[in-house]
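J.: Here is a sequence together with a model predicted from it:
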Amino acid sequence: MSKGIIGKKLGMTRLFVEEGRAVMVTVIQAGPCVVVQKKTPETDGYSALQLGFGERKRINKPMAGHVKASGGGKFEVLKEFPVDSPDQYEVGARIEGDLFTVGEKIKITGLSKGRGFTGVMKRWGFHGGRSTHGCTVHRLPGSIGSATYPGRVYPGHKMAGRMGVDQITVRNIEVIDVRLDYGVILVKGAVPGPNQGIVFLKKLK
């Protein structure tokens with residue numbers, strides 16, 4: 001069985017469970033994914049499936065040749081996932097959200113929301129300069145190094161720059177419901193990324 005699947009974050013809502021509690025859930029379009037390529041221990045040294053998900057307008061000729069055996073789809077994303085035995089699947093087979101069960105704990109990986117170029121107060125939580133007594137550097141980072149020693153700025157110093165669009169993995173997210181009729185699964189809580197963002201859902205074991 002495949003250890004994961006590609007999905008798309010659709011948004012958040014709440015769901016009333018059997019106990020009467022309102023649970024905040026994230027709706028994820030889980031698949032359908034197409035098996036594009038099989039990795040076997042004999043040819044590649046490990047067992048995995050390369051899955052394709054989504055659709056784009058066009059792909060280049062090398063990629064068209066790569067996906068030809070699976071049906072020639074113009075996939076938006078290609079991703080490999082470990083599998084117990086690649087022989088369980090054929091190239092072109094579809095994998096959907098029934099890979100997961102209600103109550104199962106999984107991990108989800110996605111890209112966080114992009115915040116653009118941000119200052120040190122928003123990016124790192126700097127306090128900033130004082131607001132009174134003639135201070136004119138309210139949101140500036142302040143001194144970043146001295147003149148004599150070390151005479152340079154240490155690598156990794158916290159400064160203004162691009163914030164967000166970082167790969168984040170959240171573990172132990174509970175699957176609340178699997179709705180194959182709609183092609184979605186509902187997981188408890190929030191997951192990384194914006195709406196319509198690509199996420200990778202993986203089994204913990």
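T.: Looks like it arrived, so ask away.
J.: State the distance from K105 to G45.
T.: Look at K105 and G45: by C-beta to C-beta, to the nearest Å, they are 29 Å apart. (Glycine included, C-beta is placed from N, CA and C.)
J.: give me every residue that touches H157.
T.: For H157, the contacting residues are 144-145, by C-beta atoms under 8 Å, 6 or more residues apart in numbering.
J.: Apply 10 Å and report the result again.
T.: 141, 144-145 (C-beta atoms under 10 Å, 6 or more residues apart in numbering).
J.: What is the burial count for G134?
T.: Per other C-beta atoms under 10 Å, the neighbour tally for G134 reads 5.
J.: And what about it, helix, strand or coil?
T.: Assigned with DSSP: H, G, I helix; E, B strand; the rest coil, G134 falls in the coil class.
J.: ditto for T169
T.: Following three-state DSSP, we place T169 in the strand state.
J.: before we move on, what about the one 3 residues further on?
T.: Local secondary structure at N172 is given as strand here, using three-state DSSP.
J.: which residues pair with the nearest residue to P86 once chain neighbours are set aside across the strands?
T.: Spatial nearest neighbour of P86, excluding adjacent residues (C-beta to C-beta, 6 or more residues apart in numbering): K38 at 4.3 Å. On the basis of DSSP bridges, K38 is bridged to L49.
J.: mind listing what K38 touches?
T.: 44, 47-50, 83, 86-91, 93.
J.: Could you report the separation of the residue nearest to the spatial centre of the chain from K38?
T.: Geometric centre of the chain, nearest residue: G110, 1.3 Å, by C-alpha atoms, centre = their mean. Applying C-beta to C-beta, the value for G110 to K38 is 26 Å.
J.: Please parse the protein into its domains.
T.: Here the domain parsing of the chain from automatic domain parsing is 4-115+168-203, 120-163.
J.: any idea which of the ones you listed is most buried?
T.: domain 4-115+168-203 (a mean of 16; mean count of other C-beta atoms under 10 Å).
J.: what about that domain, how long is it end to end?
T.: With C-alpha to C-alpha, to the nearest Å as the measure, domain 4-115+168-203 spans 6 Å from end to end.
J.: roughly how far is that domain from the heart of the chain?
T.: How far domain 4-115+168-203 lies from its chain's middle: 10 Å, per C-alpha atoms, centre = their mean, to the nearest Å.
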